[in-house]
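Colleague: Sequence first, then the predicted structure:
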Amino acid sequence: MKIVHYPHPALRCQSKPLTSIDKDFHLQVGEMFDLMYEAKGLGLAATQVALPHQFLVMNISGDFQQKDQEMVFINPVLVERKGAIEGDEGCLSFPGLFQKVRRAKTVRIQAYNIKGEAVEVTVSDLAARAWQHEIDHLNGVLFIDKLGVIGKLASRGALKELEEEFRKAQARGEFPSDTDIKQLLDALMTES
Ligand code: CO
């Protein structure tokens, strides 16, 4: 498992709700937390490790020692949003790119936790930003889609570089072709 970078097709995948919590799932969650801490992120969505399923891991403290801050949310749905606030945002799938994004200040989310229990949380500010960002990932929406005109212009160079890097990695055989990746994602979605 590794964190995939833009423009890997998994990042545009409309992921499928998770229907069972098994041993494989627990292993995937553990690996995702490791990758997230290693990359110094606060959250990681399944699509970012090329898994087309609706779950994400998060630790708003960014500190692997604060285990009580670790959260796993399955099939999360944003049920309410209030207010608006602009703030800097980055993404582990876009190394080096940071831009201002306008998000709701407060959001209410319904999901299932790792035990399969229904949970509901209301969060504001940084946590709300992180939740909105990660839930977007599960729907194939990326933070670059949320940028204003100036932010989009300012990101063009960085995006072009990421595109070139990804195509080179494909040419080196580190990733299959886009068509093959999409077939793999489809297969993962139908088997579970
Ligand atoms: Co992201």
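Modeller: Received the coordinates, thanks. This one's a predicted model, so the numbers in the text were calculated from it and none came from an experiment.
Colleague: For stretch 168-178, buried residues please.
Modeller: 170, 175 (16 or more other C-beta atoms under 10 Å). The C-beta positions use only the backbone N, C-alpha and C, and glycine is treated the same way.
Colleague: Report the distance from it to the chain centre.
Modeller: Between the centre of stretch 168-178 and the centre of its chain there are 22 Å (C-alpha atoms, centre = their mean, to the nearest Å).
Colleague: now swap in stretch 83-99 and tell me
Modeller: Using C-alpha atoms, centre = their mean, the offset of stretch 83-99 from its chain centre is 12 Å.
Colleague: Dump the C-alpha coordinates for the longest helix anywhere in the chain into PDB.
Modeller: The helix that spans the most residues within the chain, counting by DSSP state H, is helix 149-171. Taking C-alpha atoms only, helix 149-171 is exported to PDB below (Å, rounded to 0.1, in the frame of the first residue of the first chain):
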ATOM      1  CA  VAL A 149      -9.700  31.600 -10.100                       C
ATOM      2  CA  ILE A 150      -6.500  32.900  -8.600                       C
ATOM      3  CA  GLY A 151      -5.800  29.700  -6.700                       C
ATOM      4  CA  LYS A 152      -6.300  27.600  -9.900                       C
ATOM      5  CA  LEU A 153      -3.900  29.800 -11.800                       C
ATOM      6  CA  ALA A 154      -1.300  29.700  -9.000                       C
ATOM      7  CA  SER A 155      -1.500  25.800  -8.900                       C
ATOM      8  CA  ARG A 156      -1.100  25.200 -12.600                       C
ATOM      9  CA  GLY A 157       2.700  24.700 -12.500                       C
ATOM     10  CA  ALA A 158       2.600  22.400  -9.500                       C
ATOM     11  CA  LEU A 159      -0.200  20.300 -11.100                       C
ATOM     12  CA  LYS A 160       1.700  20.000 -14.400                       C
ATOM     13  CA  GLU A 161       4.800  18.800 -12.500                       C
ATOM     14  CA  LEU A 162       2.700  16.200 -10.700                       C
ATOM     15  CA  GLU A 163       1.200  15.000 -14.000                       C
ATOM     16  CA  GLU A 164       4.600  14.700 -15.600                       C
ATOM     17  CA  GLU A 165       5.900  12.700 -12.500                       C
ATOM     18  CA  PHE A 166       3.000  10.400 -12.600                       C
ATOM     19  CA  ARG A 167       3.300   9.700 -16.400                       C
ATOM     20  CA  LYS A 168       7.000   9.000 -15.900                       C
ATOM     21  CA  ALA A 169       6.300   6.600 -13.000                       C
ATOM     22  CA  GLN A 170       3.800   4.800 -15.300                       C
ATOM     23  CA  ALA A 171       6.400   4.700 -18.100                       C
END
